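[1] Sequence and computational prediction follow.
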Amino acid sequence: MAVKIIFMWKFLIIGIVLGAGMLLWAFGIEPKLLMSRFYRLPQQNLAGLRIVFISDLHIAPNQRGRLQKIVREANKAEPDIIILGGDYVKGHKGTTSMPPEKIAAELRKLQAKNGIFAVLGNHDWYLDGEKVRQALQQAGIPVLENENISLQTGRGELTIAGTADYTMRIPDLEKTLKGAHAPVLLVTHSPDIFPQVPKNVMLTLAGHTHGGQVAVPFIGPLLIPSDFGRRYAGGLIEEDGKKMIVGRGLGTSLLPVRFNCPPEIVIIDFE
């Protein structure tokens, strides 16, 4: 009997230590990590082009150093184009965000040979979408909303098209893609518009899901802010002859927690 009690106490202590360790990791360590996730995609007429995709920053007032680190890492990748996927601020009621002007002042330091382009996300509109848009554009970063722009990249012509936010605005794909020349890179904050994207779009980039923030081993992400559940949780998705990369983002929403879903900068190389 005494041996059983000792065993039970040891088991309980181990459980408490493991639980405390997991909480420390999920709340104190993993959200502060920064990794780069690389994708190589076949696209011969853009071979050699590198795109860096940054999304879901959710910058709090005390995270200037974090934002500066993200900018340094993005620049270190020496991208041809940088795409910003929305949710620069913390917009939920009861949260405090770094002002959009201060965020834009740091994002101004991003460097890309062929430019930096952005869309807005739902949190930007929760806070003040027009204010966020103005701050980015004053920092020299065009914000695309149901419109597109064509570039001569030196690696070939590319059209970048950006939709309005799926949650807070009215995305209009016909308007977004009007006059667009292939190849087309479509940028949308939410991946939920993907089933409506036409097949002539080379690649869709999206954020919003954060990969669920918490992904339990052997179970997967517990909560995905998508009408499609885990279908568009994160990573490279190929459906019906179309491709989409969903970045797991760099910040957190609702709770400052990440587990088995570290913050990531997405780097795409065409070959």
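    Received, thanks.

[2] could you pull out the helices for the stretch 51-200 of the chain?
    64-76, 100-107, 122-127, 129-138, 173-176 (DSSP state H, counting those that start in this stretch).

[3] Pass me the low-pLDDT residue ranges in the stretch 51-200 of the chain, would you?
    Applying pLDDT under 70 to the stretch 51-200 of the chain flags no residue at all.

[4] Show me the strands in the chain, by range?
    Assigned by DSSP state E, the strands in the chain fall at 35-41, 50-54, 81-84, 116-118, 147-152, 157-162, 184-187, 203-206, 215-216, 220-221, 235-239, 242-246, 264-270.

[5] how about CSV for those strands, with distance to R72 and mean neighbour count added?
    All C-beta atoms are positioned from the backbone trio N, CA, C, and that covers glycine. Formatted as CSV, the strands of the chain follow (distance: least, CB to CB, whole Å; neighbours: other CB atoms under 10 Å):
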stretch, distance to R72, mean neighbour count
strand 35-41, 12, 13
strand 50-54, 12, 24
strand 81-84, 13, 25
strand 116-118, 15, 24
strand 147-152, 25, 16
strand 157-162, 24, 23
strand 184-187, 23, 25
strand 203-206, 22, 24
strand 215-216, 27, 14
strand 220-221, 29, 18
strand 235-239, 25, 13
strand 242-246, 22, 22
strand 264-270, 11, 22
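
[6] Now the ones you listed in a markdown table, please, with extra columns for distance to E73.
    Putting the strands of the chain into a markdown table (distance: least, CB to CB, whole Å) gives the following:
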| stretch | distance to E73 |
| --- | --- |
| strand 35-41 | 7 |
| strand 50-54 | 9 |
| strand 81-84 | 12 |
| strand 116-118 | 15 |
| strand 147-152 | 23 |
| strand 157-162 | 22 |
| strand 184-187 | 20 |
| strand 203-206 | 18 |
| strand 215-216 | 22 |
| strand 220-221 | 24 |
| strand 235-239 | 20 |
| strand 242-246 | 18 |
| strand 264-270 | 6 |
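
[7] What's the separation between I219 and A180?
    40 Å (CB to CB, to the nearest Å).

[8] Those two: which is more packed in?
    Shown here are I219 and A180; by other CB atoms under 10 Å, A180 has more neighbours (19 against 9).

[9] so what's that one up against?
    Neighbouring residues of A180 by CB atoms under 8 Å, 6 or more residues apart in numbering: N148, S150, T159, A161.

[10] Contact partners for the closest residue to the last one other than its chain neighbours?
    By that I understand A161. Leaving aside its sequence neighbours, A161 sits nearest to N148 (CB to CB, 6 or more residues apart in numbering; 3.7 Å). Taking CB under 8 Å, 6+ apart, we find N148 in contact with T159, I160, A161, G162, T176, L177, K178, G179, A180, V184.

[11] quick revisit: need the winner for burial among the helices of the stretch 51-200 of the chain.
    For the helices of the stretch 51-200 of the chain, average neighbour numbers computed from mean count of other CB atoms under 10 Å are highest in helix 122-127, which has a mean of 23.

[12] export stretch 238-246 as CSV, just CAs?
    Extracted in CSV, the C-alpha atoms of stretch 238-246 (Å, rounded to 0.1, in the frame of the first residue of the first chain):
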residue,chain,number,x,y,z
GLU,A,238,-3.3,22.5,-53.1
GLU,A,239,-7.0,22.2,-54.2
ASP,A,240,-8.6,22.0,-57.6
GLY,A,241,-5.4,22.8,-59.4
LYS,A,242,-4.8,25.9,-57.2
LYS,A,243,-2.2,26.7,-54.6
MET,A,244,-2.4,28.7,-51.4
ILE,A,245,0.2,29.3,-48.6
VAL,A,246,-1.3,30.2,-45.3
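
[13] If you average the pLDDT over it, what comes out?
    Averaged across stretch 238-246, the pLDDT comes to 97.

[14] And it, how far out from the chain middle?
    What separates the centre of stretch 238-246 from the centre of its chain is 16 Å, taken as CA atoms, centre = their mean, to the nearest Å.

[15] and what of stretch 106-125?
    11 Å.

[16] what's the answer for stretch 46-56, then?
    Distance of stretch 46-56 from its chain centroid, counting by CA atoms, centre = their mean, is 12 Å.
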